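In: after the sequence you'll find the predicted model.
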Protein chains: 4
Amino acid sequence: MSIKVIIAGFKGKMGATALDMVKGDKDLELAALLDPFAEEEELDGVPVFKDKEQLVGFAADVWVDFTMPKVAYDNTHFALENGFAPVVGTTGFTEKQIEDLIALSQQKALGGLIAPNFAIGAILLMEFAAKASKYFPDLEIIELHHDKKKDAPSGTALKTAELIRDVRQFKKQGAEDEAESLAGARGAEFDGFRIHSVRLPGLVAHQEVIFGAQGEGLTIRHDSYDRISFMSGVNIGIKEVVKRHQLVYGLEHLL
Amino acid sequence: MSIKVIIAGFKGKMGATALDMVKGDKDLELAALLDPFAEEEELDGVPVFKDKEQLVGFAADVWVDFTMPKVAYDNTHFALENGFAPVVGTTGFTEKQIEDLIALSQQKALGGLIAPNFAIGAILLMEFAAKASKYFPDLEIIELHHDKKKDAPSGTALKTAELIRDVRQFKKQGAEDEAESLAGARGAEFDGFRIHSVRLPGLVAHQEVIFGAQGEGLTIRHDSYDRISFMSGVNIGIKEVVKRHQLVYGLEHLL
Amino acid sequence: MSIKVIIAGFKGKMGATALDMVKGDKDLELAALLDPFAEEEELDGVPVFKDKEQLVGFAADVWVDFTMPKVAYDNTHFALENGFAPVVGTTGFTEKQIEDLIALSQQKALGGLIAPNFAIGAILLMEFAAKASKYFPDLEIIELHHDKKKDAPSGTALKTAELIRDVRQFKKQGAEDEAESLAGARGAEFDGFRIHSVRLPGLVAHQEVIFGAQGEGLTIRHDSYDRISFMSGVNIGIKEVVKRHQLVYGLEHLL
Amino acid sequence: MSIKVIIAGFKGKMGATALDMVKGDKDLELAALLDPFAEEEELDGVPVFKDKEQLVGFAADVWVDFTMPKVAYDNTHFALENGFAPVVGTTGFTEKQIEDLIALSQQKALGGLIAPNFAIGAILLMEFAAKASKYFPDLEIIELHHDKKKDAPSGTALKTAELIRDVRQFKKQGAEDEAESLAGARGAEFDGFRIHSVRLPGLVAHQEVIFGAQGEGLTIRHDSYDRISFMSGVNIGIKEVVKRHQLVYGLEHLL
């Protein structure tokens, strides 16, 4: 039996990509679409709504939400109240709001997911890198992005570095008396290890974590080329939340 | 308090490398050395024995064994009987022998490790690759070795492929109508995915598993340059078995 | 003084991409556009024509051609006759036609370029790989493409292999007694070396040539993500042909 | 007919490695060995000398020199005077000394080579990187070495950067308003591009130059694992100098 899915925010880029993904998976069934900017009343036989209140009592299993920060909390609350397990990619939740939503999900015995990042590859990289750092405390991160990117290191690199710091035994790497003849050559220091940011045209979003030990090396690399890469994470989210009875924050908790 | 270590087979290459490792770690203390080919009676103040029976009643915590297949079972049995937690890199155990040794370890409430591969990086690669294959069923393995290697694919590649097969949802990869204009271009098929073996002078032992999905890729690579890389695995083995009460087969069970 | 450019076939994908490139380069000036499918008479102040005869006597320096195989020879001939140095990405020329066009270009003392591949990166990879193979006769090619690709090895890999064969001292690589436990593991054999074809979703078009020698390795890799990558080759073609007095076949002759 | 080779400094590490290389190449014949520290008078039937004056009038083609800076000039001068084409890996020549030796080689019509670096792979990388930078002005250098290395960037990286600077059209890379949240993340700036230095145990000496352009990327990587990698350069040097009539400085002039 297929899982019935509502998509909120289907007129936006992510919502539209999610729409294509759901339509392309025979285990999923598109039940309804919601967007205040929708002008149609139906799309390929699927009913389209402009106001979420029209969905009270509607028969569906999952509520996929790619809307706006200002409505994300209300939407997620509404989904839980109405028996739809939420899978939410919209950002802007406070910690308090997430706690409230988890409590509500427990009360309703409904699964749910709020995820700041749906790229499974990026999440696996972080998980693997953190685990490897327990055994290989010597590591460096190289992240590579297009040359319009303004911040360095990237948010993903910093998040990866923090996860590593939480489990790695502290070590200040490199030769004790190492010296840079050109400032910055050794990259940015973070908790005793180094992060390097490469910026070149043609690149999209890439990251590698290189571990070194006596006589061996281990490298984990993620390449992200397109927003469509988030969809496998949304797909897994949909299929997992229907088996759960509590909302989680972060896709890693469903992997 | 340091862990007291006996090394059996310290005259062999691996045993000698283990000897250096133990001497270099201040948390470990070399208690005794054993080798039928030894001619000295003492090495840097550490007693040297030629016959294991001389070690009955000796005060030590761990028995590191890099000897020969024909004595490995007897040695491990002896170690457990005498209260030394075994860390064994010698090969040639039958399944039945391993079962017996596990039973004996439980009876003695002693930890222990028999490991066909001590390279932590290789073990992490296998574990990560298997986990990633649950989410990314599209993958290929490329293993690269020196050009004197006779077998292809490598044993590690086959082991990795089996671990992936055990958890990956089966999928026959590639275009349905793909065709090779030169036979072998697409590599060896294994359970619907492909394995490629590169052989070049200068290389030692390397392996990468490449995963692909819509809009993203994930690559995990291990490079092995030197037998010294096995020593971090032996070191972890020594430090873990003293905390356990049962022998395990495979370093992955201690990570 | 800027170079005046005509674009033939500006309604096609490549022609349209070339149009954007010319408009974005202040050293180039768009002089005219030609396409039988054009409906407009002018585009941003640039005259648009449907028939090449309308361009007889027109003032321009370079004729960029991304049209159809069936008209490519006539177009290139026309360009040379009328004093426009041709830069042609259309395929389908016979060897005899190319000889004729070279002879005509010499007679007119006009530069020109017919190029089956405008990706400078791919051309540099081939050139570098061929040169390196003189010193490192041990090499393997790994090409990686999306999983809808039907042929293996790729055309670029075969072209690279041929260029290497032309200059490399023949050597049959690998251990003399090597054996495959899974057929195809060692890839396709070509002149004593091996080619491996990887096919995965998410990939576009990538190739690496790995050289190995005692104690060292050299790797050259090209990644192609988008057709826009051809435009730097077209740009160089335009700027080089105006300095030359003979048509060449292959962008490598202008690098 | 094989080339007769004298090795000066055969008791040192490089000289001994060269000795093995010459013995292993059937196109080369070991004619004599020289080292003030030699105690034998003969090695496998080859005469051993302690003083170069003993080699006046000796029949040989090439003088391989891996001695000491303080005798390198005298040795090379002696080789040329006595009709041996020198292949010199010893360092410490002044510019004036090199000029003198070139003049002497011309007078004697003898080939010769003084090379600060015999790793062909490293030299090819530099040559290829410089050529590619003409077409791809956007690039970054990542060099990776063992964690005992004190200086960053490496000498090879700086040499590569200088060669690139000499031919690349200047461009300041990266977003105009890019900012580092951790100092050093963007690496060291050199002529508008960036250099990153990675230091990890297990690594030896590696360098990659990454080029990026709209829709494509080109990467050139050299891995150096062992001093034996210098021997292919020495081998080429020996075989080339016998065909030449002038000494050159730098192996790149013989490739």
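Out: Structure's in. What do you need? Everything numeric here is computed off the predicted structure, so don't read it as measured data. Numbering: from 1, shown residues only, chains lettered A, B, ... in the order given.

In: neighbours around A:Ala175, how many?
Out: 15 (other Cβ atoms under 10 Å in any protein chain shown). C-beta coordinates here come from the backbone N, C-alpha and C atoms, glycine included.

In: what do you get for the one 3 residues further on?
Out: Summarising burial for A:Glu178: neighbours were counted as other Cβ under 10 Å, giving 17.

In: surely it touches D:Ala152?
Out: Yes - with contacts counted by Cβ atoms under 8 Å, A:Glu178 reaches D:Ala152, the gap being 6.3 Å.

In: which neighbours do these two share?
Out: Shared contacts of A:Glu178 and D:Ala152 (Cβ atoms under 8 Å, 6 or more residues apart in numbering or on different chains): A:186, D:199.

In: can you show me the CA trace of stretch A:14-27 as CSV?
Out: Taking Å, rounded to 0.1, in the frame of the first residue of the first chain, the C-alpha atoms of stretch A:14-27 are listed here in CSV:
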residue,chain,number,x,y,z
MET,A,14,12.4,22.6,-3.4
GLY,A,15,8.7,21.9,-3.3
ALA,A,16,8.5,21.5,-7.0
THR,A,17,11.5,19.1,-6.9
ALA,A,18,9.8,17.1,-4.2
LEU,A,19,6.6,17.0,-6.3
ASP,A,20,8.6,15.4,-9.1
MET,A,21,10.2,12.9,-6.7
VAL,A,22,6.9,11.8,-5.2
LYS,A,23,5.4,11.4,-8.6
GLY,A,24,8.3,9.3,-9.7
ASP,A,25,8.2,6.8,-6.8
LYS,A,26,5.5,4.1,-7.2
ASP,A,27,5.5,3.5,-3.4
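
In: now check it, is it near chain B?
Out: No - Stretch A:14-27 stays clear of chain B (Cβ under 8 Å from any Cβ of the partner chain), getting no nearer than 9.0 Å.

In: just the buried residues of that stretch, please?
Out: A:14-15, A:17-19, A:21-22, A:25 (16 or more other Cβ atoms under 10 Å in any protein chain shown).

In: what lies in contact with it?
Out: Counting by Cβ under 8 Å, 6+ apart, A:2-3, A:5, A:7-10, A:28, A:30, A:33, A:35, A:44, A:64, A:66-67, A:89, A:227-228, A:230-231, A:234-235, A:238-239 sit against stretch A:14-27.

In: which ones among the buried residues of stretch A:14-27 map onto helices?
Out: Of these, the ones assigned to helices by DSSP state H are A:14-15, A:17-19, A:21-22.

In: all strands for the stretch 51-200 of chain A, in order.
Out: A:62-65, A:85-88, A:112-114, A:139-145, A:151-152, A:179-180, A:188-190, A:193-199 (DSSP state E, counting those that start in this stretch).

In: now the fifth one, how far from the centre of its chain.
Out: Offset of strand A:151-152 from its chain centre (Cα atoms, centre = their mean, to the nearest Å): 20 Å.

In: buried among the contacts of stretch A:14-27? Need that as a selection in ChimeraX.
Out: In ChimeraX syntax, the buried subset of those is picked out as below (16+ other Cβ under 10 Å):
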select /A:3,5,7,8,9,10,28,30,33,35,64,66,67,89,230,231,234,235,238,239
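
In: looking at chain A, which residue reaches furthest from the middle?
Out: Largest separation from the mean C-alpha position in chain A: A:Asp177, at 40.4 Å (Cα atoms, centre = their mean).

In: my guess is that residue meets D:Asp151, correct?
Out: No - with contact defined as Cβ under 8 Å, A:Asp177 does not count as touching D:Asp151 (10.0 Å).

In: so where's chain A shaky on pLDDT?
Out: Applying pLDDT under 70 to chain A flags no residue at all.

In: any idea how it splits into domains?
Out: If you go by automatic domain parsing, the domain ranges for chain A are A:3-114+A:228-254, A:120-224.

In: from the middle of its chain, how far away would the first one be?
Out: When distances are taken as Cα atoms, centre = their mean, domain A:3-114+A:228-254 is centred 14 Å away from the chain's centroid.

In: could you do stretch A:104-116 as well?
Out: Centroid displacement of stretch A:104-116 relative to its chain, using Cα atoms, centre = their mean, is 16 Å.

In: quick one: buried residues of it?
Out: A:104-105, A:108, A:110-115.

In: next: stretch A:178-196.
Out: Under the neighbour-count criterion of 16+ other Cβ under 10 Å, stretch A:178-196 has A:178, A:182, A:184-190, A:192-196 buried.

In: what's the most distant pair in the residues you listed?
Out: A:Leu182 and A:Gly192 (21.7 Å; Cβ to Cβ).

In: ok, which stretches of the stretch 101-250 of chain A are helices?
Out: A:120-135, A:155-167, A:231-241 (DSSP state H, counting those that start in this stretch).

In: let me have those helices in TSV, extended by distance to A:His145.
Out: Below are those laid out as TSV (distance: least, Cβ to Cβ, whole Å):
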stretch	distance to A:His145
helix A:120-135	13
helix A:155-167	10
helix A:231-241	20
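
In: relative to D:Ala132, how far out is A:Ala185?
Out: Noted for A:Ala185: a distance of 22 Å to D:Ala132, by Cβ to Cβ, to the nearest Å.

In: try A:Asn82
Out: The value you get for A:Asn82 to D:Ala132, if Cβ to Cβ is used, is 59 Å.

In: the two: who's more crowded?
Out: Shown here are A:Asn82 and D:Ala132; by other Cβ under 10 Å, D:Ala132 has more neighbours (27 against 18).

In: which one is A:Ser133 nearest to, not counting chain neighbours?
Out: Nearest residue to A:Ser133, sequence neighbours excluded (Cβ to Cβ, 6 or more residues apart in numbering or on different chains): A:Arg168, at 4.0 Å.

In: tell me the contacts of that neighbour?
Out: Contacts of A:Arg168 (Cβ under 8 Å, 6+ apart): A:130, A:133-134, A:137, A:139, A:191.

In: now, among those, which is nearest to C:Phe211?
Out: Nearest to C:Phe211, judged by Cβ to Cβ, of these is A:Leu139 at 28.1 Å.

In: my guess is the closest one meets A:Ser133, correct?
Out: Yes - checked against Cβ under 8 Å, the pair A:Leu139 and A:Ser133 is within contact range at 5.9 Å.

In: list residues touching both of the two?
Out: The contact sets of A:Leu139 and A:Ser133 overlap at A:164, A:168, A:211 (Cβ under 8 Å, 6+ apart).

In: ok, the first one - contacts?
Out: By that I understand A:Ile164. A:129-130, A:133, A:139, A:191, A:193, A:209.

In: please apply the same query to the last one.
Out: With contacts taken as Cβ under 8 Å, 6+ apart, A:Phe211 has the following neighbours: A:132-133, A:136, A:138-139, A:217-219, B:121, D:200.

In: list the contacts of the residue lying closest to it once chain neighbours are set aside.
Out: Excluding the flanking residues, the one nearest A:Phe211 by Cβ to Cβ, 6+ apart is A:Phe136, at 3.8 Å. For A:Phe136, the contact set (Cβ under 8 Å, 6+ apart) comprises A:211-213, A:218, B:120-121.

In: if you set the cut-off to 10 Å instead, what comes out?
Out: Each residue near A:Phe136 by Cβ atoms under 10 Å, 6 or more residues apart in numbering or on different chains is listed here: A:129, A:168, A:209-213, A:216-218, B:120-121, B:124, B:232, D:200-202.

In: could you check how far A:Gly155 is from chain D?
Out: A:Gly155 sits at a distance of 10 Å from chain D (criterion: Cβ to the nearest Cβ, to the nearest Å).

In: before we move on, back to that, what's the closest of the buried residues of stretch A:14-27 to A:Val56?
Out: Among the buried residues of stretch A:14-27, A:Gly15 lies closest to A:Val56 (Cβ to Cβ), at 20.9 Å.

In: check the gap between the closest one and B:His245 for me.
Out: The gap separating A:Gly15 from B:His245 is 54 Å, by Cβ to Cβ.
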